[in-house]
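K.L.:
Next comes the sequence, and after it the predicted model I'd like to discuss.
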There are 2 protein chains.
Amino acid sequence: MPRDVPTQTLPHDTIENMRALNRIVTRASGVLNRTVLNSDLSLSEMRVIYELGREDWAARALAQQLGLDEGYLSRILKRFADRGWLERRPSPEDGRVSLLSLTEKGAECLEEFEEIARSNVSESLAALPLAEQPALDRAIVRLRLALGDKTLRLDEVIFRDIEIGDLGWMTQRHGELYRIENAYDQSFEILVAEIIIEFLKTRDPMRERAIVPVCNGLPLGSIFCVQGPAPETAQLRLFGLEPSLRGRGLGRQMMEEWLRFARGAGYKQATLWTHESHAAAGRLYAAAGFEITGTEATRNFGQDVVVQQWEMTL
Amino acid sequence: MPRDVPTQTLPHDTIENMRALNRIVTRASGVLNRTVLNSDLSLSEMRVIYELGREDWAARALAQQLGLDEGYLSRILKRFADRGWLERRPSPEDGRVSLLSLTEKGAECLEEFEEIARSNVSESLAALPLAEQPALDRAIVRLRLALGDKTLRLDEVIFRDIEIGDLGWMTQRHGELYRIENAYDQSFEILVAEIIIEFLKTRDPMRERAIVPVCNGLPLGSIFCVQGPAPETAQLRLFGLEPSLRGRGLGRQMMEEWLRFARGAGYKQATLWTHESHAAAGRLYAAAGFEITGTEATRNFGQDVVVQQWEMTL
DNA sequence: CAATATTGTTGCCTTTGGCAAGTATATCGC
DNA sequence: GCGATATACTTGCCAAAGGCAACAATATTG
């Protein structure tokens, strides 16, 4: 464990908030129950069978994945084999290793347990109004991202067009992030809303598009293609990405998607305005083929900023 | 356990999403570790000392609260007493009962463990950019609300004025909730944003105010007081509350806060427009003293609606 | 006051799961 | 090719976790 990572100071409130969540989730999910409801499996056994249902494993790798003692795991596996849930094939490459997989019977049992687990979750959320469900889903995904959940795959991000609610969260996130990162005042948030409203009211869907990357219901950013000063010029606007996802290739994908749309819509040139302080975005623009064609120092949103214009031929 | 509550059908995706969160939180919080890191306490012992740190308990009530076997708890308590962490006072009302409380030494140990737990949480969130923290906090609170966390007290809701980001989320939630509950189209979301922008750009803070109830960083709704058609008339606008919090008295509190502000700002009358379908809001308006002074059937936001005007003397 | 219920404790037991020694195979150095 | 070492499991042994039921002490009820 990297103990001497420079410990970022997370505020006390956030930590206590997270601990309260730990407690409530732990209780709600019945982790504390020795034997998981209605099955006669211990929590560890449950985790083993769940993991085996996802993919085949070698015993040692599985023990490490789950943080179990190898001896203990060996006994669990023996019990599973005795019940006819587990198949062991000798590894073709290594005579010491057995490849573990569930039998059909094992998979059926797992499915039963899964059904029970789902109904437990459903019960613990029973009081939730349907109208609040999308917001709950987004909250869950945000937490999974923050906790580094590796089962949440970025290659499953989809790109969709703008929907109801997007005007709102785009405005919020732009306003909030630029306040934190650049100390912009509220006039920036207002400007973002006005740009999107104008877009929604006037756009020709064949020529103008908002591209929104979404992971399991949580929007992760935005990039807009609108008609620029001349009819043959596409303008790139409102490029943004959640901070925790920056530097992972998603921004580049968004840019590629943008170029594809702009070229398909028949634009010949492209332009955008940004601020010098957005160095990471600038690198993406440069990589896509944009070049700086002008800069101007000015005062905007309560800050001194250097505005850059970038242009490229499509 | 209420087993025969009408089980609301929560979509499969939401359930799987929640289960994934269970797994990741369980792992991140180290619930699976037999002995909690750096202390020689078991998870159960940890929960006991934590609970005793919050308040005093009788043994039986504590066992029920934590779902522990009474015999096992008795032994845990004995160990605590042996270490000088626990004080037992005989109950004045019942000779069988001992009241349990932590000694000063016990409280000190608890504080040490708490510190360790906090640093664990901090580590598991170490990769999170600071800019994303407010959104994470909101996501956590939303989950705690959804899971019915009783340590999240509604009487700790504070009322604040509008801030950066509020234009955005108010727009989003209004747009999204009215889409789900009333099938309104995107023009409603746009209208909400325009109203708030107008408010932000022109308001006189002494005469106009947005009141936002907030619980641990998560905004729960909104209510606006703006100048109406006449200078002496206050207009109530953009009244909204998260669905899961309706019917719990918070709407009434918001209304009281609104009346206090409107009267303090010197208005003599009040007016508001709403739609007939918002029956719950209508009851709140009526309870506050508003009366319907006109209705009109029209078409708005893609739906047939009946617009109501309400008025009252302040 | 006897009968019954409740609170907390103790004895007894099974299961969980950690640790280390043991077995079988693989790899490495010579 | 062969001994030495490393790796992948397995097994024996044990301590701790924790469930269950019998028990003592006090309360409540008829």
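P.N.:
In hand now; what should we look at?
K.L.:
Please make it C-alpha for all contacts and neighbour counts, starting now.
P.N.:
Noted.
K.L.:
Where does A:E311 sit: helix, strand or coil?
P.N.:
With DSSP: H, G, I helix; E, B strand; the rest coil as the basis, A:E311 sits in strand.
K.L.:
so it touches A:K268, yeah?
P.N.:
No: the pair A:E311 / A:K268 is not scored as a contact, 11.1 Å apart, by C-alpha atoms under 8 Å.
K.L.:
more crowded one of these two?
P.N.:
A:E311 (22 against 14; other C-alpha atoms under 10 Å in any protein chain shown).
K.L.:
Tell me which residues of the strand or helix carrying A:G71 come out buried.
P.N.:
Assigned by DSSP states H and E, A:G71 belongs to helix A:70-82. Using 16 or more other C-alpha atoms under 10 Å in any protein chain shown as the test for burial, helix A:70-82 gives A:L73, A:I76, A:L77, A:F80, A:A81.
K.L.:
Need these in a markdown table (columns: distance to chain B and pLDDT).
P.N.:
Listed next are those as a markdown table, based on distance: C-alpha to the nearest C-alpha, whole Å; pLDDT from 0 to 100:
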| residue | distance to chain B | pLDDT |
| --- | --- | --- |
| A:L73 | 15 | 97 |
| A:I76 | 17 | 96 |
| A:L77 | 19 | 96 |
| A:F80 | 21 | 95 |
| A:A81 | 24 | 95 |
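K.L.:
Same list (those) but as JSON lines, adding distance to B:I292.
P.N.:
Shown next, in JSON lines, are the buried residues of helix A:70-82 (distance: C-alpha to C-alpha, whole Å):
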{"residue": "A:L73", "distance to B:I292": "70"}
{"residue": "A:I76", "distance to B:I292": "69"}
{"residue": "A:L77", "distance to B:I292": "71"}
{"residue": "A:F80", "distance to B:I292": "69"}
{"residue": "A:A81", "distance to B:I292": "72"}
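K.L.:
just the residues you listed now: which is nearest A:G302?
P.N.:
Nearest to A:G302 among the buried residues of helix A:70-82: A:L73, at 60.9 Å, using C-alpha to C-alpha.
K.L.:
what residues are up against that closest one?
P.N.:
Going by C-alpha atoms under 8 Å, 6 or more residues apart in numbering or on different chains, A:L73 touches A:A59, A:A63.
K.L.:
Can you show me the helices along the stretch 151-300 of chain A?
P.N.:
A:166-182, A:186-202, A:250-264, A:279-288 (DSSP state H, counting those that start in this stretch).
K.L.:
who wins for proximity to DNA strand C among those helices?
P.N.:
Among those, the nearest to DNA strand C by C-alpha to the nearest atom of the strand is helix A:250-264 (38.2 Å).
K.L.:
From the rest of the structure, what touches that closest one?
P.N.:
With C-alpha under 8 Å, 6+ apart as the test, helix A:250-264 has contacts from A:R207, A:R209, A:I211, A:P213, A:I223, A:F224, A:C225, A:A234, A:L241, A:L284, A:A288, A:L314.
K.L.:
Buried residues, the longest helix along chain A. List them.
P.N.:
Ranked by residue count and defined by DSSP state H, the top helix of chain A is helix A:104-124. Buried residues in helix A:104-124, counting neighbours by 16+ other C-alpha under 10 Å, are found at A:106-107, A:109-110, A:113-114, A:116-124.
K.L.:
got it, and stretch A:160-174?
P.N.:
A:I162, A:I164, A:G165, A:D166, A:L167, A:G168, A:W169, A:M170, A:T171, A:Q172, A:R173, A:H174.
K.L.:
Please tell me I have it right and A:D149 contacts B:I24.
P.N.:
Yes: assessed by C-alpha under 8 Å, A:D149 is found in contact with B:I24 at 6.4 Å.
K.L.:
Need the residues touching each of these two.
P.N.:
Counting by C-alpha under 8 Å, 6+ apart, nothing touches both A:D149 and B:I24.
K.L.:
What confidence value was assigned to the residue of chain A found nearest DNA strand C?
P.N.:
Nearest residue of chain A to DNA strand C: A:G95, at 3.3 Å (C-alpha to the nearest atom of the strand). A:G95 is assigned 87 on the pLDDT scale.
K.L.:
that older thread, can you tell me which of the helices of the stretch 151-300 of chain A is packed in deepest?
P.N.:
Burial of these is given as mean neighbour count (mean count of other C-alpha atoms under 10 Å in any protein chain shown); helix A:166-182 ranks first at a mean of 23.
K.L.:
bridging residues for A:T295?
P.N.:
Counting by DSSP bridges, A:T295 forms beta bridges with A:Q308.
K.L.:
Now do the same contact list for it.
P.N.:
So A:T295 contacts A:V306, A:V307, A:Q308, A:Q309 (C-alpha under 8 Å, 6+ apart).
K.L.:
Drop anything exposed from those residues.
P.N.:
Looks like the contacts of A:T295 have A:V307, A:Q308, A:Q309 buried, using 16+ other C-alpha under 10 Å.
K.L.:
contacting residues around A:R118?
P.N.:
Contacts for A:R118 (C-alpha under 8 Å, 6+ apart) come out as B:I15, B:E16, B:R19.
K.L.:
Residue ranges in chain A under the pLDDT threshold?
P.N.:
A:1-9, A:30-38 (pLDDT under 70).
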